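1. Attaching a predicted model along with its sequence, questions to come.
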Amino acid sequence: MWGEELDHFVRDPHWTWYILGYFFFAGLSGGSYVIATLFRLRGTPADEPVVRLGHYVAFATLLPCPVLLILDLGKPSRFWHMMWNTTPDEAGLNFKYWSPMSVGVWVLAVFGVFATVSFVEALVRDEKLRLGLARRAVGLLDGTLGKIVLVLGAVGGLFIAGYTGVLLAVSNQPVWSDTWTLGGLFLASGLSGSVALLHLLSRYRRGAEASGDALILSERLYALLELALIVLFVLTLIPTGSLDIVFGFPWILLWLVAFAGLVPGLAGLLTARLAVTGNGMAVTVQTTSVVRSVAIPVLVLCGVLALRAAIIFSIQ
Amino acid sequence: MAEITPGRAYGFFTDTSVCIGCKACEVACKTWNELPSNEPVFGDGYDNTGTLDAQNWRHVAFIDNVPDETLGTGQGKAWLMMSDVCKHCQNASCMEVCPTGAIIRTEFDSVYIQPDVCNGCRNCIAACPYNVISQDEHKGVAQKCTLCYDRLQGGMEPACAKACPTDSIQFGPVDELREMAQQRIENLHDQGVSEARLYGEDDSIYGGLNAFFLLMDEPEAYQLPDEEEAVLPRRNNTEGYLGALGTAVLGVLGGLIALRRRREPASAASDSEAGDG
């Protein structure tokens, strides 16, 4: 049914600020874990500060996720009904592979385990946690097991960052159910925001500047990926006639913020492409250091939030 | 009314051609189910209920159908009136997406939201294509027509059907209602009422609606999706996940390219040094 005009005679679900917050933090948490994994597995030892930073960020941004989801429920005290069916005579685990909300709850829980393990690992390796038991446990992650944990956690991170878009699509709402691109768009945007957040926080992490160039290059590529998904989003909505809903006033203002968040990455791609210096440093657009490392990441993060807000609120 | 037997499918046949808009069904529903009253809605017409929601499980829609041209006496059809209700779909979108298992199919084949299981996630509201379900702001759970589940268990027909003075709302076993509806539509067509049509009596709409309708216009006029538009939320699962998977692959590749690109000059430099050595 993609690309066909459908009349939607539906009521919106009133998923508002809590859900916006969840989508935002889930994108950053999953994305940060993925970035950290890539840097650990394919980077150099000099990237270790950013790897640990990524694990701190993935854990910290994951913490508000269940809180926001629970607060959004009409009956917060029954949050566990998502996982356990309390229907008389049918009590048991709840899992519906065809319902992204059901799958998402389980993956969020599993990803939480990986994010916590990697968070504790970072604390131990940074010698901020000196428990003998924790040290011995982290020692187990030095070899293949550690890589398996990272890869599985990254798969969970990719899912958490992107499934929220699929959740919106698996409905009968205008715009949301009219396009297949939301899962990819939220994932690309989550990766973009995660790189920006790590770049921003790397100012405060000793040794993390060594990874700044790779973060800059990633930022450019993820901005391009996000732009491509936005183009696909628009193209899939044109035949459905729902483009004016999501891009009408005042939502266009949020889209402008989202596009502004893409500008630094795209500008870098246009001017310097993926050029690097002889020392392996990214050729940057001429900007002052504070703008480069603070203002631009903040702008990208605002864009990530605005993009989700435009898509969530415009139909409600 | 014959005995109501668990294990048999029951539902409504709502014949909109004889609805007079008296709203007795709304009142009976609210009274039996102890639903609170709500602020009246004042729109363009005489419909001051507004919509189906957590407090209104029956809604008599007054659809303005005043023709542009002047018609002779007795030929005017100023209003399409329809007592709307949950359709108790065979393939129910709400039931499909509910993550808690709160929405079940009862022994009477109706779709029922268990109020003690629902946690108010509102996924069913996003999925329902008929704008039927909403969340009770006091109870915090999703609510809709129960087909008077408690009355059925007590052997009584639903309150709305009991109260309807014109028999616009007929309750009974679905197979019997379908026969009745077929007879009625044939009679109307024989009388020259060619615009009359059945909606949801066969499996073309969500596998069949246990609460189906005789309409006097296109389904769209009643805010009902037609056969092509009656689609389930799960249709978007595969493409949605594939889109995310494709992006995930590109995202990982992007990160790898950034890391590799950065290392290339350094590698080249070390190669050069090795060659010099």
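-> Okay, I see it. Residues are numbered from 1 along each chain as shown, chains lettered A, B, ... in the order given.
2. State the pLDDT value of residue B:267.
-> Predicted confidence (pLDDT) for residue B:267: 49.
3. let me redo that: residue A:281
-> At residue A:281, pLDDT is 72.
4. what number of residues lie near it?
-> 17 (other C-beta atoms under 10 Å in any protein chain shown). In this view, the C-beta of every residue, glycine as well, is placed from N, C-alpha and C.
5. That one contacts residue A:211, correct?
-> No. Using C-beta atoms under 8 Å, residue A:281 is not in contact with residue A:211, being 10.9 Å away.
6. Which single residue in the stretch 51-200 of chain B comes nearest to chain A?
-> Closest to chain A within the stretch 51-200 of chain B is residue B:120: 2.0 Å, counting by C-beta to the nearest C-beta.
7. Excluding chain neighbours, what is closest to that residue?
-> residue A:74 (2.0 Å; C-beta to C-beta, 6 or more residues apart in numbering or on different chains).
8. same check, this time on residue A:172
-> Nearest to residue A:172 is residue B:129, by C-beta to C-beta, 6+ apart, at 4.5 Å.
9. Unless I misread the structure, the one you found falls within a strand.
-> No. Assigned with DSSP: H, G, I helix; E, B strand; the rest coil, residue B:129 falls outside any strand and is coil.
10. What's the local residue count around it?
-> 28.
11. likewise residue A:245?
-> Neighbours of residue A:245 (other C-beta under 10 Å): 16.
12. which element is it on?
-> Using DSSP states H and E, residue A:245 maps to helix A:243-247.
13. in that helix, what's buried?
-> Along helix A:243-247, these residues count as buried under the neighbour rule (16 or more other C-beta atoms under 10 Å in any protein chain shown): A:243, A:245-247.
14. What of stretch B:241-259?
-> By 16+ other C-beta under 10 Å, the buried positions in stretch B:241-259 come out as B:241, B:243-245, B:247-248, B:250-252, B:254-255, B:258-259.
15. Run through who's touching that stretch.
-> With contact meaning C-beta atoms under 8 Å, 6 or more residues apart in numbering or on different chains, stretch B:241-259 is reached by A:34-35, A:38-39, A:42-43, A:158-159, A:162-163, A:165-166, A:180-188, A:191, A:214-215, A:217-218, A:221-222, A:225, A:229, A:274.
16. returning to that earlier point: now, among the buried residues of helix A:243-247, which is nearest to residue A:131?
-> Nearest to residue A:131, judged by C-beta to C-beta, of those is residue A:246 at 50.0 Å.
17. do you know how far the closest one is from residue A:181?
-> 12 Å (C-beta to C-beta, to the nearest Å).
18. Skipping adjacent residues, who's closest to residue 258 in space?
-> I'll assume chain A. Nearest one to residue A:258, counting by C-beta to C-beta, 6+ apart, is residue A:307 at 4.0 Å.
19. should've been chain B
-> residue A:217 (3.7 Å).
20. what about residue B:83, which SS state?
-> Note that with three-state DSSP, the state of residue B:83 is strand.
21. show me the contacts for it.
-> B:14, B:16, B:19, B:25-26, B:58-61, B:160, B:164, B:168-169.
22. Recalculate using a threshold of 10 Å.
-> Residue B:83 is in contact with B:12, B:14-16, B:19, B:21-26, B:29, B:58-61, B:160-161, B:164, B:168-169, B:213, counting by C-beta atoms under 10 Å, 6 or more residues apart in numbering or on different chains.
23. where exactly do the strands run in chain A?
-> For chain A, applying DSSP state E gives strands covering A:84-85, A:92-93.
24. Deepest in the core, which of those strands is it.
-> strand A:84-85 (a mean of 16; mean count of other C-beta atoms under 10 Å in any protein chain shown).
25. Name the strands paired with that one and say parallel or antiparallel.
-> Sheet pairing here is set by DSSP bridges, and for strand A:84-85 it gives strand A:92-93 (antiparallel).
26. And the residue of chain A found nearest chain B, how close does it get to residue B:22?
-> Of all residues in chain A, residue A:74 sits closest to chain B, at 2.0 Å by C-beta to the nearest C-beta. According to C-beta to C-beta, residue A:74 stands 33 Å off from residue B:22.
27. now do residue A:211
-> 73 Å.
28. who has more neighbours, those two?
-> More neighbours surround residue A:211 than the other of residue A:211 and residue B:22, with 28 against 16 (other C-beta under 10 Å).
29. pLDDT wise, what is that one at?
-> 93.
30. And the one 3 residues further on, by the same measure?
-> You'll see residue A:214 listed with a pLDDT of 93.
31. Can you name the residues that contact it?
-> By C-beta under 10 Å, 6+ apart, the neighbours of residue A:214 are A:35, A:38-39, A:42-44, A:47, A:50, A:195, A:276, A:280-282, B:255, B:257-263.
32. Mind doing that once more with 8 Å?
-> A:39, A:43, A:47, A:282, B:258-259, B:262.
33. which one in the residues you listed is the model shakiest on?
-> The member of the contacts of residue A:214 with the lowest pLDDT is residue A:282, at 72.
34. Could you double-check that that residue lies in contact with residue A:275?
-> Yes. Shown here, residue A:282 and residue A:275 form a contact pair, counting by C-beta under 8 Å, at 7.4 Å.
35. of those two, who's got more company?
-> The residue with more neighbours, out of residue A:282 and residue A:275, is residue A:282; 23 against 14, by other C-beta under 10 Å.
36. ok, back up a step: select from the contacts of residue B:83 every entry located in helices.
-> When DSSP state H is applied, the contacts of residue B:83 are split such that B:24-26, B:29, B:160-161 fall in helices.
37. show me which of these neighbour chain A.
-> The overlap between the ones in helices among the contacts of residue B:83 and the neighbours of chain A (C-beta under 8 Å from any C-beta of the partner chain) is empty.
38. Just the buried residues of the residues you listed.
-> B:24-26, B:29, B:160-161.
39. From those, pick the one nearest residue A:140.
-> residue B:29 (62.1 Å).
40. While we're on the closest residue to that closest one other than its chain neighbours, how confident is the model there?
-> Spatial nearest neighbour of residue B:29, chain neighbours left out: residue B:58 (4.4 Å); criterion: C-beta to C-beta, 6+ apart. Listed pLDDT for residue B:58 reads 98.
41. residues near residue B:58, how many?
-> 30.
42. Model confidence at the residue nearest to residue A:36 when sequence neighbours are not counted, what's the number?
-> Leaving out its chain neighbours, the residue that sits closest to residue A:36 by C-beta to C-beta, 6+ apart is residue A:54, at 2.7 Å. Looking at residue A:54, its pLDDT is 98.
43. For the residue nearest to residue A:138 when sequence neighbours are not counted, give its distance to residue A:148.
-> Leaving aside its sequence neighbours, residue A:138 sits nearest to residue A:124 (C-beta to C-beta, 6+ apart; 4.4 Å). According to C-beta to C-beta, residue A:124 and residue A:148 sit 18 Å apart.
44. Tell me which of these two has more neighbours.
-> The neighbour comparison of residue A:124 against residue A:148 (other C-beta under 10 Å) goes to residue A:124, with 19 against 11.
45. and that one, what is it in contact with?
-> A:130-131, A:134-135, A:138.
46. Just confirm residue A:66 contacts residue A:105, I think it does.
-> No. Applying C-beta under 8 Å as the test, residue A:66 and residue A:105 come out as separate, 9.2 Å apart.
47. The two: who's more crowded?
-> A direct count of neighbours by other C-beta under 10 Å for residue A:66 and residue A:105 places residue A:105 higher, at 22 against 15.
48. Quick check: that one touching residue A:83?
-> Yes. The pair residue A:105 and residue A:83 passes the contact test of C-beta under 8 Å, sitting 6.2 Å apart.
49. Before I go, just wanted to say thanks for your time.
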